[in-house]
Structure formats: C-alpha cells, structure tokens
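Asker: I'd like to go over a predicted model; first the sequence, then the structure.
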Protein chains: 2
Amino acid sequence: MPAAERRELILRDATAVFASNGYGGTTTDLVAKAAGVSQPYVVRMFGTKEKLFLAVLERAERILAETFRAAIPGPDGHERRERMGMAYVGLIAERGLHQVLMQAFLLGGDPVVGPEARASFLRIWRLTIDEAGMSEEDARSFIANGMLINTLVALRLGDAYGADPDIDAMFTVAFPCSFDVFKDSLPTAAERY
Amino acid sequence: MPAAERRELILRDATAVFASNGYGGTTTDLVAKAAGVSQPYVVRMFGTKEKLFLAVLERAERILAETFRAAIPGPDGHERRERMGMAYVGLIAERGLHQVLMQAFLLGGDPVVGPEARASFLRIWRLTIDEAGMSEEDARSFIANGMLINTLVALRLGDAYGADPDIDAMFTVAFPCSFDVFKDSLPTAAERY
DNA sequence: GGGGTAAGTAATCGATCGATTACTTACAAA
DNA sequence: TTTGTAAGTAATCGATCGATTACTTACCCC
C-alpha cells in the first residue's frame, strides 16, 4: 500500500483511539493495532506521538472546515446556520472527530500542542464570520452549541437516550434537527479503541 | 496536619495538575510534588490514581453546585441567568476546575469514570431546571455557553487578549460581563503544573 | 535477472510510572 | 515511661511505553 494511503488510514484510526483514550492515555501501540500495522511503523511515519497527534488535529480541522464550507451555499441567515449545524452533527460519522478537537483544546497549556490548538479554534471562528457571514453574536452561540454537542458526544450520553426523560429533553433541545436521525451513529459507552 | 485538611489540599492541587496535563498525562508524583508530599502518600490516601481523579471530579461538581445555588436567590429570569453566569466565570479562581470537569466529560468512554461523569453532568443540568427554574431551552443555551467558556479557559486564549481583534471580539460576546474583570485571573499559557 | 527503493516488522533498550513494602517520627493517653 | 496510633517517607519492583536498530519482503525499472 502506498504511504500516502496508509497515512490517511492511520490518521483516521488514530482519531478514534485518541478520542477514546485522550492524548496521554493513547499509546502508539494502540494506534498501530487499530490501524493493523506495527508500532515502529507508526512512530517512523510520524516521528513522535506528539507529531502524530498534531497530524490528527490538522486533519480534523481540515475535514471540519470543508464540511462547513460545503454547507454555506444557499439561503443565508437562520437557514444557513441550521444547515451548518446539521452538517456538524453529521460529522459523528467521522468517528472521534469532535472529541479529538476537544482534546486539543484542553491541551491549551501544552507548549507544542497549545499554539496549534488555539490557531485551529480561531480559524474556525473566523470561518463562521468571514465565510459564513455570521454576526459575532451568532458565531458565539453557534460555536457554543458546537461545544455542547462535543460534550454530549464525548460523554456517550446517547447510550441513555430513551431511558431518562431528562436526557431525552436535553438532546431534543441541543440538536439542530430530530435527534433520532443521528441516534444510531452515536458512539456507545461500550465502544473502546 | 490532620488527614482531612491534607486531603483537601491535595485535591485542590491535583485539580490544577489534572487540568494542565489531562488524566493520562498526570502522574501521582506530579500531584505529590504540587501538594508538597511524597508520592506514596498520595497513592495511599486515595487508593489509586483513578480514585484520586474521581475525588477531584466530585469536589469540582460540589463547588460548582454550591456556587450556582448561591447565585439563585434574587430576581429570576434573565437576571438570575446572568448572576449564575458571572458566578461560573468567577470559578476561574478555583484553578483548573473548568478544565477538570471537561476532562471528565471527555472520559465518557471510560468504564469507571464515564458513568460518574455522565451523572455529574446530568445533576448540573437538573439543577439549572429544577432549582434555578430555567426552561429547557434556557438551560441548553446556558450550559452551551458554559462549555464555550470551559473551552476558552482551557485553550489559554486569554494570553492573546488585546493582541488579536478576533480574540477580543469573541471574549466580549462569550463572557456574561466585562471580560476585563476576569482577565487577570485567567490561567496563562506559561502556567504549568 | 539483478540492483535500487519503498513498505513493513521483530527485537530490544532506557526511561517512566503506579503501586507496594518497610521504616521513621510526632504525639496523646494510660 | 510506655504504648498505640496517625502522619509521612525512602527504597524499590514490575509493567508499560516511546523510540531505535537491524532486518526482511515486494516490486519497479533498466
């Protein structure tokens, strides 16, 4: 398999592993096993575990930005925000993407990852204003709801959907469209990598 | 020093260490050094690193709930939400509290921490509705903004306040009152534990 | 078909971490 | 004074992890 293709495969699987175990809890061997290659191969391809995480972050931001840009064309204002919100929730199919972004934000105090995480966040913030044409207040509430969705996904609260009226109510108001559409694609508490 | 007092000290310092380094990136020795005791003492007092983190989470939720409850008395509706929002931002003084809550939420896939994190989140959600009297929609946007504030604090974006007009604009709309009030109490990128 | 190169692994090393054990010190009660 | 107990540490062990080295395999090109 050509290296570029293998690289994308490893990055995809590494996203799920980092999402489940956090940065410090992820081993290069776990990533290697998830991708079906040997541990030294992962290290040699990315240099260090830290550089692997930065590559995972870069890919996550790229996919997110592309997803948002694809949702911009069409009626603006409230309708555009709804399209972008639905597209964001649809990214649950990209396993671990929301959690990995959050992991990066939580590493803001790290001397290497921190600056990259801040830059990523600001680029998304600017996209919602400069490209999607949101007002600052709209951008704030849009991104705030995104952080809430990240949290709900990471918490694996979807497991209890239907079992607790409080959870059902929260999902109903938190998701920009019928939650049932996405219920089945949510990660479950049993899902480990 | 009596054990109860020592325990509270260790929990406070452990909160800052977990916040900076994440769960997997935190060592019991780092916590011990931050608290000025030996590493075996930390392990013996809490049993395992995992139980130490659960104790940190429990303390964080307790402080948060007490802070919210103290902000409830008085005019309700918009004014009450604003008081609770200001109180939440004021918790920046409890170093690492926002980040540790977020770390716990991101561990939703962990078989031990996950259930506790979900329970903590739901108790806060219920508090905003049952005790603070928010509608479900108000509770959603209130907590969503809380998740945004968690993210901004963890990112150490305050470092660049004043240096980037985009950052200034975001802080202005993200914080429930003049951001300058809290600027000096924000953790900085140089702050490590 | 042989030489070069890209893809990939087995084996292993040094460092680190969580946990255990065995020990010491301070002090209050009998 | 002695005895019991709570507070705390030094030393260390087994396991794990990131990284390195040396090696093998497969395939393309002249």
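Answerer: Sure, I can see it. Residues are numbered from 1 along each chain as shown, chains lettered A, B, ... in the order given.
Asker: hang on, residue A:154 packs against residue B:104?
Answerer: No. Here residue A:154 lies out of contact with residue B:104, judged by Cβ atoms under 8 Å, at a distance of 9.8 Å. C-beta coordinates here come from the backbone N, C-alpha and C atoms, glycine included.
Asker: how distant is stretch A:78-85 from the center of its chain?
Answerer: Chain-centre distance of stretch A:78-85: 18 Å, with Cα atoms, centre = their mean, to the nearest Å.
Asker: Could you confirm whether it reaches chain B?
Answerer: No. Residues of stretch A:78-85 are not located near chain B by Cβ under 8 Å from any Cβ of the partner chain, the shortest gap being 11.8 Å.
Asker: Spell out the residue ranges of the helices in chain A.
Answerer: Secondary structure of chain A (DSSP state H): helices at A:3-25, A:28-35, A:39-46, A:49-71, A:78-90, A:97-106, A:113-126, A:136-155, A:165-174, A:180-183.
Asker: Mind checking those for the one nearest to residue B:149?
Answerer: helix A:136-155 (8.6 Å; Cβ to Cβ).
Asker: Just the CA trace of that closest one, in CSV.
Answerer: What follows is helix A:136-155, C-alpha atoms only, in CSV (Å, rounded to 0.1, in the frame of the first residue of the first chain):
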residue,chain,number,x,y,z
GLU,A,136,-20.3,37.9,16.2
GLU,A,137,-23.2,37.0,18.5
ASP,A,138,-24.5,34.4,16.0
ALA,A,139,-21.0,33.0,15.8
ARG,A,140,-20.7,32.8,19.6
SER,A,141,-24.0,30.9,20.1
PHE,A,142,-23.3,28.7,17.1
ILE,A,143,-19.9,27.6,18.4
ALA,A,144,-21.1,27.4,22.0
ASN,A,145,-23.7,24.9,20.8
GLY,A,146,-21.0,23.1,19.0
MET,A,147,-19.0,22.8,22.2
LEU,A,148,-22.2,21.4,23.9
ILE,A,149,-22.6,18.8,21.1
ASN,A,150,-18.9,17.9,21.5
THR,A,151,-19.5,17.3,25.2
LEU,A,152,-22.7,15.2,24.7
VAL,A,153,-20.9,13.0,22.1
ALA,A,154,-17.8,12.6,24.3
LEU,A,155,-19.9,11.8,27.4
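Asker: what pLDDT does residue A:178 get?
Answerer: We have a pLDDT of 66 for residue A:178.
Asker: wait, isn't residue A:32 in contact with residue A:41?
Answerer: Yes. Contact status for residue A:32 versus residue A:41: in contact at 6.8 Å, counting by Cβ under 8 Å.
Asker: quick one: which of these two has more around it?
Answerer: residue A:32 (20 against 14; other Cβ atoms under 10 Å in any protein chain shown).
Asker: who touches residue A:15 in this structure?
Answerer: Neighbouring residues of residue A:15 by Cβ atoms under 8 Å, 6 or more residues apart in numbering or on different chains: A:56, A:59-60, A:94-97, A:100.
Asker: ok, 10 Å please
Answerer: Counting by Cβ atoms under 10 Å, 6 or more residues apart in numbering or on different chains, residue A:15 touches A:31, A:34, A:53, A:55-57, A:59-60, A:63, A:94-97, A:99-101, A:193.
Asker: Equivalent analysis for residue A:90, please.
Answerer: Contact analysis of residue A:90 by Cβ under 10 Å, 6+ apart lists A:67, A:71, A:177, A:181-182, A:185.
Asker: can you redo those residues as JSON lines with neighbour count and distance to residue A:129?
Answerer: Compiled in JSON lines, those are given as follows (neighbours: other Cβ atoms under 10 Å in any protein chain shown; distance: Cβ to Cβ, whole Å):
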{"residue": "A:67", "neighbour count": "16", "distance to residue A:129": "17"}
{"residue": "A:71", "neighbour count": "19", "distance to residue A:129": "15"}
{"residue": "A:177", "neighbour count": "12", "distance to residue A:129": "23"}
{"residue": "A:181", "neighbour count": "12", "distance to residue A:129": "28"}
{"residue": "A:182", "neighbour count": "19", "distance to residue A:129": "27"}
{"residue": "A:185", "neighbour count": "13", "distance to residue A:129": "29"}
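Asker: Just want the residue of chain A that's nearest chain B.
Answerer: residue A:24 (2.8 Å; Cβ to the nearest Cβ).
Asker: burial count for that residue?
Answerer: Look at residue A:24: counted by other Cβ under 10 Å, it has 16 neighbours.
Asker: cool, residue A:191 as well?
Answerer: By other Cβ under 10 Å, 15 other residues sit near residue A:191.
Asker: How about residue A:150?
Answerer: 24.
Asker: pretty sure it is touching residue A:104, no?
Answerer: No. With contact defined as Cβ atoms under 10 Å, residue A:150 does not reach residue A:104; the gap is 11.1 Å.
Asker: Find the residue closest to residue A:139 in space, skipping its chain neighbours.
Answerer: Leaving out its chain neighbours, the residue that sits closest to residue A:139 by Cβ to Cβ, 6 or more residues apart in numbering or on different chains is residue A:128, at 4.4 Å.
Asker: Write out the residues of chain A neighbouring DNA strand C.
Answerer: Chain A has residues A:1-3, A:6, A:36-41, A:44 near DNA strand C, with proximity defined as Cβ under 7 Å from any atom of the strand.
Asker: Which of those has the largest number of neighbours?
Answerer: Of all the residues of chain A next to DNA strand C, the highest neighbour tally under other Cβ under 10 Å goes to residue A:37, namely 17 neighbours.
Asker: ok, back up a step: and the helices of chain A: which comes nearest residue B:19?
Answerer: With Cβ to Cβ, the closest approach to residue B:19 among the helices of chain A belongs to helix A:97-106: 8.3 Å.
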